[in-house]
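Trainee: Kindly generate the corresponding structure for this input.
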Amino acid sequence: MEGPVEIRSVGVIGAGQMGNGIAHVCALSGYDVLLNDISQEALDRALATINKNLDRQVSREKITQAEKDAAMARISTTMVLADLGPTDLVIEAATEKEHVKEAIFADLLPHLKPTTILTSNTSSISITRLASRTDRPEKFMGFHFMNPVPVMQLVELIRGIATDSETYEACLKVVERLGKTASSAEDFPAFIVNRILMPMINEAVYTLYEGVGNVKSIDGAMRLGANHPMGPLELADFIGLDTCLAIMNVLHDGLADTKYRPCPLLTKYVEAGWLGRKTGRGFYDYRGEEPVPTR
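Mentor: I've put the predicted structure just below:
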C-alpha cells in the first residue's frame, strides 16, 4: 500500500478572507503557495492583507522578520486556474455556493496531476457530493479552516464516502505542520462547528426578530452571561450574513427539520446587501468610527 503523498506545494483557490488566511499559514509553514482568483484586484488586496498580518505577528514577536520575508517570498499569484495543475494539494476556498465550486472543479480537473489531492474549505456542503463531481473522489476531502485562519487553531477534516486513508493522513500531516489541531468530522450537513454554531446565531436573530431584545442587549447577554468573547450577532457580521444564511439553508435542506429554518430577518438583511463587516453594514453599522447597532 502506498503511503501518504508528500505535500510540498499548495494551490489556494479564492483570495478572499479565508483564502488569504490559508495562503498565509501555509507559506509561513514552509509550503510554496500559488494563490488564484478571478480578480487581480482581489489578489493584490490579499497580498497586502497577508503582509499586514505577518507584520502584526512580527511586532508581537510571534515570528521574526526573516520568517515573514521568507513566507511572502513563497507566495505567488495567478488568475489562470490551470496554473494550479502542478501543485500537490489544492484547497478550494471560493464562495459557499455549490454550483460555483463544481464549476471551478470542472475547469481545474483536466490540468491536475493524478496524485494531486483536491480539497474544499466548504463549511457545510456535502463532501461526498462534491467529490462525486470530480475524477478523484478517493483523493478528495473537506479541509475546513476557521476564521481568522492565522489565529484559530482548529481545522475540520471531513472524509467523503470514497476518501482513502492515504489522502486523510496526508492532510492530517499538513494540519500538524501548520501547528493547528485537526478534528475529524463525519460528512453530515455543516459538520461539527457550524452544526452547533449556526443554529445558535440563527436563534439570536430570531430573538432580535421577535423583539425579545435589541442587538446590544442580545450580544451583551451572551458575552456576559455565557462568557462568549463575541456576541452572536457581532459574530454573524464577522462571518458574513450571506455565509450564515447559506449554511442555514444547507442544514434546513439537508436535515429536513424545521428547527433549522433560517430567520426571515437574516434573509432580509442578505437581500438588502447588509452582509456584515465586509459590506459596512449588518447587525451593526461599521461606516463610522465605532460600530453602531442597526436595530
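Trainee: Which residue ranges of the stretch 151-295 of the chain form helices?
Mentor: All helices of the stretch 151-295 of the chain, identified by DSSP state H, counting those that start in this stretch, fall at 165-177, 193-209, 215-225, 232-239, 241-255, 264-272.
Trainee: so who does the nearest residue to Pro264 once chain neighbours are set aside touch?
Mentor: With Cβ to Cβ, 6 or more residues apart in numbering as the measure, Tyr209 is the residue that lies nearest to Pro264, at 6.7 Å, once sequence neighbours are left out. For the C-beta atoms, the positions are set from N, CA and C on the backbone; glycine is no exception. Going by Cβ atoms under 8 Å, 6 or more residues apart in numbering, Tyr209 touches Cys263, Pro264, Leu265.
Trainee: JSON lines for those, including neighbour count?
Mentor: Putting the contacts of Tyr209 into JSON lines (neighbours: other Cβ atoms under 10 Å) gives the following:
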{"residue": "Cys263", "neighbour count": "21"}
{"residue": "Pro264", "neighbour count": "11"}
{"residue": "Leu265", "neighbour count": "17"}
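Trainee: Nearest to Asp88, out of the helices of the stretch 151-295 of the chain?
Mentor: The minimum distance between Asp88 and those falls on helix 165-177, with 8.6 Å, by Cβ to Cβ.
Trainee: and that closest one, what does it pack onto?
Mentor: strand 89-92, strand 117-120, strand 140-145, strand 154-159, strand 181-185 (3 or more Cβ pairs under 8 Å, 6 or more residues apart in numbering; DSSP states H and E).
Trainee: State the number of residues packed around Gly225.
Mentor: 8 (other Cβ atoms under 10 Å).
Trainee: what's the spacing between it and Leu233?
Mentor: Separation of Gly225 from Leu233 (Cβ to Cβ, to the nearest Å): 14 Å.
Trainee: same thing with Val149?
Mentor: If you go by Cβ to Cβ, the gap between Val149 and Leu233 works out to 23 Å.
Trainee: Which one's more surrounded, the two?
Mentor: Here Val149 and Leu233 are compared on neighbour count by other Cβ under 10 Å; more neighbours surround Leu233, at 27 against 23.
Trainee: Per-residue pLDDT of the more buried one, please?
Mentor: In this prediction, Leu233 carries a pLDDT score of 98.
Trainee: Then Gly3?
Mentor: On the pLDDT scale, Gly3 is placed at 59.
Trainee: Now do the buried residues in the longest helix along the chain.
Mentor: Scanning the chain for the helix with the most residues, using DSSP state H, yields helix 40-59. By neighbour count, with 16 or more other Cβ atoms under 10 Å as the criterion, the buried positions of helix 40-59 are Ala42, Leu43, Ala46, Leu47, Thr49, Ile50, Asn53, Leu54, Gln57, Val58.
Trainee: Quick one: list the elements packing against it.
Mentor: Helix 40-59 makes packing contacts with helix 17-28, helix 65-73, strand 75-78 when contacts are defined by 3+ Cβ pairs under 8 Å, 6+ apart.
Trainee: Neighbouring strands of the shortest one in the sheet, and parallel or not?
Mentor: Partner strands for strand 75-78, per DSSP bridges, with pairing direction: strand 32-36 (parallel).
Trainee: between the partner strand and helix 17-28, how many degrees?
Mentor: For strand 32-36 against helix 17-28, the angle between stretch directions is 160 degrees (axes from the mean of the first three to the mean of the last three Cα atoms, to 10 degrees).
Trainee: Quick check: which of the helices and strands packed on helix 165-177 is nearest to Glu289?
Mentor: Within those, the stretch nearest Glu289 is strand 140-145; the backing value is 30.9 Å (Cβ to Cβ).
Trainee: if we can go back for a sec, closest one to Phe105 among the helices and strands packed on helix 40-59?
Mentor: Evaluated with Cβ to Cβ, the helices and strands packed on helix 40-59 place helix 17-28 nearest to Phe105, the distance being 15.7 Å.
Trainee: pLDDT averaged over the closest one - what is it?
Mentor: Helix 17-28 comes out with an average pLDDT of 97.
Trainee: Go ahead and measure how far that helix is from the middle of the chain.
Mentor: Averaging C-alpha positions (Cα atoms, centre = their mean, to the nearest Å) puts helix 17-28 10 Å from its chain's average.
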